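Asker: when you get a sec, could you give me coordinates for this:
(chains A and B)
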Amino acid sequence: MSVDIAVAQLAEVNGTTRPLLNVWAWLWPKLAAIALALFAWQVVVWSGWKPDYVLPGPMPVLQRLGQDLTQPDFFVGVAATLRRALAGYVIAVVIGSAVGVLVARITVLREAVGSAVLGFQSMPSIAWLPLAILLFQQSEAAILFVVILGAAPAVASGLLSGIDHVQPLLIRVGHVMGARGLGLYRHVILPAALPGFVGGLKQGWAFAWRSLMAGELIVIVAHQPSLGQQLQFARDLADAQQMLALMIMIFAIGVLIDGIFGAMDKAIRRRWGLLA
Amino acid sequence: MSVTVGKPVTVRHLTKTFPHGARSLIALKDVSLEVGAGEFVCVVGASGCGKSTLLNILAGLDQPTDGQVRVEGRVALMFQEAALLPWLTTSGNVELALELRGVQGSERRDMAYELLSRLHLQGFERRLPHELSGGMKHRVALARALAQDADVLLMDEPFASLDAITRDLLHDELVRLWTSTSLTVVFVTHNPREAVRLGDRVVVFTSRPGRIAHELRIELPRPRNLDSPEIAVIAARITDRLKEEMRASVG
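Answerer: Here you go, the predicted model:
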């Protein structure tokens, strides 16, 4: 009997400590990876390969980042960058989704531009920049143009492959229930294509973020101290600490938003019962 | 009783061929079949005899190559898999069928719950398909088919993937629902005992091309028991007949 009680108590202890353990299990590989990266960086600095003012070590850079984070100007820059990212991304998602559905629905269009969509996706967005500057000069519009062209093809092709991979049985079910045309899309095909679409959204975000950084480095808009622009200034002033601090910030924002898409993907797979 | 209204299902000289390389594959050849209102007809045949093709044509998912097919009223089709939409709850799946039928939003929830409870699924309304057992999924699929308020229910080996006991329970359920409504059922199966247990009439199909070889009326009283000797005797006759046909078509 005492064994039973002991087991029960043990189970209780396990039950109460489990959430913390879960957080720890989720956290430690990431912390270990960060520590390892910082250590490798420090080793390179210690090796004396480059002087301090070209390649500073992680400690001074992180201190500098800490200082930056107390500066209101820094956040004005982050806000400017995020605003552009959001605006460009939203427009790209709207255009990409519309193109994806149209190409999926209209056979002629698929023949005509189906492979072009993939071609656009492999086009490095920075290659659009000269044209963008020619069309829109050094302006917000030039940056948005590049972001949209970077992200929209990924969104379109994600949605297209999502639609192509819908189980034919589900479409037949929709037909039997009397769904036709747009109704079939609304009730069956688009929800069924959601996993592929989220994959496209995630990839589209990665492209948008890259394109935005390329755009901000090259296109300088007055009174907009965006992250990319600050990065360019840091290079002009040979302020390596600031440069690396900004790079860490850019990396962190990218990872954070990627994490949001990862969580969305997981939530969908859980709902569909596709999670092991 | 003897009022002659149009039969719910009329098939005359139906032929269906599929392009298959340079030649064409004859799936159905000169099939004629009538199903009366409220009748339960089982179609038995080996795999590949064109049974599913026949149902697809009846459901309007495919077109006949030759001959006439007429189905009166609304048609629902159940597949071998439950084929529930995985992103919708149990109730959501049934509600979608109601929505597509044009039922108003406020009534859908109540009607769905009502249908689900008729299939003993009360308490499972908010569950997602992957949280249900195989038998429950098929109950939901049946509720969804009923939600379409069809006059003709077509069933394509609907419970073939289930274990024998679950399948037998669903057969009971199906017969109970059929008896309490004016539903006309066309039920396709490869299992002669299943066909004899369920049908008013059993239509035996040959393979390649699919043709009607034989028809028999099952006069056994209901409720019927799958394991009863009467069913076994009739089913054995059908099995023999099917074997004969298969030997002929292979040899």
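Asker: use CA for all of it now, contacts and neighbours both
Answerer: Fine.
Asker: ok, residues contacting stretch A:94-104?
Answerer: Residues outside stretch A:94-104 that contact it (C-alpha atoms under 8 Å, 6 or more residues apart in numbering or on different chains) are A:109-110, A:113-114, A:151-160, A:163-164.
Asker: what's the answer for stretch B:12-25, then?
Answerer: By C-alpha under 8 Å, 6+ apart, stretch B:12-25 touches B:26-33, B:64-69.
Asker: just the buried ones out of the residues you listed, please.
Answerer: Buried members of the contacts of stretch B:12-25, scored by 16 or more other C-alpha atoms under 10 Å in any protein chain shown, are B:26-32, B:64, B:69.
Asker: show me how far the helix or strand containing residue A:66 is from its chain's centre.
Answerer: Applying DSSP states H and E as the criterion places residue A:66 in helix A:58-68. Using C-alpha atoms, centre = their mean, to the nearest Å, the mean C-alpha position of helix A:58-68 is found 25 Å from that of the whole chain.
Asker: may I have it as CSV, with CA atoms only?
Answerer: The C-alpha trace of helix A:58-68 is given here as CSV (Å, rounded to 0.1, in the frame of the first residue of the first chain):
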residue,chain,number,x,y,z
PRO,A,58,30.7,39.0,-28.8
MET,A,59,31.0,40.8,-25.5
PRO,A,60,31.5,44.3,-26.7
VAL,A,61,28.9,43.7,-29.5
LEU,A,62,26.3,42.5,-27.1
GLN,A,63,27.0,45.4,-24.8
ARG,A,64,26.6,47.7,-27.7
LEU,A,65,23.3,46.1,-28.6
GLY,A,66,22.2,46.6,-25.0
GLN,A,67,23.0,50.3,-25.3
ASP,A,68,21.2,50.5,-28.6
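Asker: mean confidence for the next helix-or-strand element following that helix?
Answerer: For helix A:58-68, the following helix or strand on the C-terminal side (DSSP H and E) is helix A:72-105. What helix A:72-105 shows for mean pLDDT is 93.
Asker: helix A:72-105 vs helix A:58-68, what angle?
Answerer: 90 degrees (axes from the mean of the first three to the mean of the last three C-alpha atoms, to 10 degrees).
Asker: the residue nearest the centre of chain B in helix, strand or coil?
Answerer: Among the residues of chain B, the one closest to the centroid is residue B:155, at 1.7 Å (C-alpha atoms, centre = their mean). Reduced to three states with DSSP: H, G, I helix; E, B strand; the rest coil, the structure at residue B:155 is strand.
Asker: contacting residues for it?
Answerer: B:55, B:77-79, B:185-188.
Asker: and it, what are its bridge partners?
Answerer: residue B:78, residue B:187 (DSSP bridges).
Asker: ok, now how distant is it from chain A?
Answerer: Separation of residue B:155 from chain A (C-alpha to the nearest C-alpha, to the nearest Å): 12 Å.
Asker: ok, which of the contacts of stretch B:12-25 also contact chain A?
Answerer: Checked against chain A using C-alpha under 8 Å from any C-alpha of the partner chain, those yield no neighbours at all.
Asker: still on that earlier bit, can you tell me which two in the contacts of residue B:155 are farthest apart?
Answerer: B:79 and B:185 (13.7 Å; C-alpha to C-alpha).
Asker: give me the more crowded residue out of those two.
Answerer: Set side by side, residue B:79 and residue B:185 show unequal neighbour counts under other C-alpha atoms under 10 Å in any protein chain shown, the larger going to residue B:185 at 28 against 20.
Asker: so the more buried one is in which element?
Answerer: Assigning secondary structure by DSSP H and E places residue B:185 in strand B:184-189.
Asker: all helices of the chain, in order?
Answerer: Let's take chain A. Applying DSSP state H to chain A gives helices spanning A:2-46, A:58-68, A:72-105, A:107-122, A:129-136, A:140-164, A:168-176, A:181-184, A:190-192, A:194-218, A:227-236, A:240-272.
Asker: sorry, I should have been clearer: chain B.
Answerer: Counting by DSSP H, the helices of chain B are B:51-58, B:90-101, B:105-118, B:134-147, B:164-180, B:192-198, B:229-250.
Asker: and those helices as a markdown table, adding mean neighbour count?
Answerer: Shown next, in a markdown table, are the helices of chain B (neighbours: other C-alpha atoms under 10 Å in any protein chain shown):
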| stretch | mean neighbour count |
| --- | --- |
| helix B:51-58 | 22 |
| helix B:90-101 | 24 |
| helix B:105-118 | 17 |
| helix B:134-147 | 23 |
| helix B:164-180 | 15 |
| helix B:192-198 | 25 |
| helix B:229-250 | 15 |
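Asker: got CSV for those, with mean pLDDT and distance to chain A too?
Answerer: Below are those laid out as CSV (pLDDT from 0 to 100; distance: least, C-alpha to the nearest C-alpha, whole Å):
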stretch, mean pLDDT, distance to chain A
helix B:51-58, 90, 10
helix B:90-101, 95, 6
helix B:105-118, 92, 15
helix B:134-147, 94, 8
helix B:164-180, 91, 19
helix B:192-198, 94, 24
helix B:229-250, 86, 29
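Asker: mind checking how far residue A:262 is from chain B?
Answerer: Taken as C-alpha to the nearest C-alpha, the span from residue A:262 to chain B is 18 Å.
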